[in-house]
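>>> Here is my input, please return the structure:
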Amino acid sequence: MVLPALLVLSTLAAADGGATVLQQPSDLRWTPLALVAGARQAVVWGDPATGAYGALRRLPAGAALPWHTHTHDSRAVIVSGTLVVEAEDAAARDMGSGAHVFVPAGRRHRATCAAATDCVYLEQQPGPADFKRVEPPPRDPR
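Below is the predicted model:
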């Protein structure tokens, strides 16, 4: 899959001594992401295994992330495709290119990449990445 034109500009005070970083899509190194078969990620800054990070993530069309939580707040901006996101306090919503998603730490949520095309999103967390599977939230009986 070819990403749309993407230029990531970030200032990394600690890791790069405050240097400006310019990355083209061809500079990114995509690696498998164990969450879902066929999922991949390209770390843009930081290290998801040890601390704060930003990473592009790609889910195959139709792939679903089950109900889960994260230790840290999670932010995402959808780059391409349509990611259907639902949280215990928010009904499922189609999030397309340019949409922003914020999920507070510990909030149960799930996401599914719509079947039409792969989904690419930029995810950012202020601490190490984690993925804790949880039971779906109870539904309001009304």
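>>> does the most centrally placed residue in the chain belong to a helix or a strand, and which?
For the chain, the residue sitting closest to the mean C-alpha position, by Cα atoms, centre = their mean, is residue 123 at 3.6 Å. Take DSSP states H and E as the rule and residue 123 turns out to sit in strand 119-125.
>>> Show me what that strand is packed up against.
strand 53-59, strand 74-80 (3 or more Cβ pairs under 8 Å, 6 or more residues apart in numbering; DSSP states H and E). Bear in mind the C-beta positions are built from the backbone N, C-alpha and C, glycine included.
>>> coming back round to it: got a list of what the residue nearest to the centre of the chain touches?
Counting by Cβ atoms under 8 Å, 6 or more residues apart in numbering, residue 123 touches 54-57, 74-76.
>>> again, only this time at 7 Å
Going by Cβ atoms under 7 Å, 6 or more residues apart in numbering, residue 123 touches 55, 57, 74, 76.
>>> try residue 70
For residue 70, the contacting residues are 105, 125, 130, by Cβ under 7 Å, 6+ apart.
>>> repeat that with 8 Å
103, 105-106, 125, 129-132.
>>> Please apply the same query to residue 82.
Applying Cβ under 8 Å, 6+ apart to residue 82 gives the contacts 94-96, 113-114, 116-117, 119.
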